[in-house]
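kindly return the folded structure for what I paste below:
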Amino acid sequence: MTRLPGLSLLLPAYNEEANIADAVGAAVALLPRFTDDLEVTVVDDGSADRTGAIVDAIAASDPRVHVVHHRPNRGYGGALRSGFAASTKPYLLLTDSDLQFDLADLDRLLSRLDRAEVVIGYREKRADPAKRRFIAWVYNRIINVLFLAPFRDVDCAFKLFRRDVFERVPLSRVRSDGAFFSPELLLVLRSAGVRIAQVPVRHFPRRAGEEKGATLRVVVRAMRDLLRLRLRLWLRRPALDDEQQP
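Coordinates of the predicted model:
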């Protein structure tokens, strides 16, 4: 198993009081398999429930856990932006706080790190309601066509980055603070020649709480940001390793 010299886990969280303690607990229990230098950064993005208080209590007893609080809510992209800025280790793993991914699948991403600077997961069997799967399918096809980008699953919340990538490609080039932040980040990195690999990862049903990514307002805003990006980017096409086996 590949061991990393240092790993930051970024967990954006909005109204995840039913999941956040288990998400952080899984991280501090499992990720030391991959590194001796771990930090877990939770971004409480203006939660109206007890998410922030729960993580504050965990952080008070575990120096590896850090919390960033937003008041008011800044959106998914805003949470990721703050989390990237607060994280300090040479590798950064991004996932969600809803327990739909297994952190053990980091091993799958690490298997491709020798060929790429960013390794992104795609859900081999997506465990979401049919409506959300259909919206995601259409969204991915639009991005594939408009940007000639062979990403299988632009919104999959399981991604590993080498931190030095952001020294070459500053996050200021990514303008969205909404749901489009994740695909825009991949497209901006790709246009800058960053090597990106894709691997399948497991996906599980949400255990508790409400889904937040497929509301009409979120979808419309993401489509607006997508079209704005297409108008301003002239994409080059660096090779993207799209092999399906980890």
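
any idea how far E16 is from the residue lying farthest from the centre of the chain?
Ranked by distance from the centre of the chain (C-alpha atoms, centre = their mean), the top residue is S61, with 26.0 Å. S61 is 19 Å from E16, where distance means C-beta to C-beta, to the nearest Å. All C-beta atoms are positioned from the backbone trio N, CA, C, and that covers glycine.

what of R190?
Using C-beta to C-beta, R190 is found at 30 Å from E16.

mind checking which of the two has more residues around it?
The neighbour comparison of R190 against E16 (other C-beta atoms under 10 Å) goes to E16, with 29 against 24.

in space, what's closest to that one - neighbours in sequence excluded?
Excluding the flanking residues, the one nearest E16 by C-beta to C-beta, 6 or more residues apart in numbering is S97, at 4.5 Å.

what pLDDT is listed against the one you found?
We have a pLDDT of 96 for S97.

which residues touch R221?
178-180 (C-beta atoms under 8 Å, 6 or more residues apart in numbering).

okay, who's weakest in the residues you listed by pLDDT?
The model is least sure about A179 among these, giving it 77.

that one - that's part of a helix, no?
No: using DSSP: H, G, I helix; E, B strand; the rest coil, the secondary structure at A179 is coil, not a helix.

contacts only, for the nearest residue to it once chain neighbours are set aside.
Nearest non-adjacent residue to A179, counting by C-beta to C-beta, 6+ apart: A222, 4.6 Å away. Counting by C-beta under 8 Å, 6+ apart, A222 touches 139, 176, 178-180.
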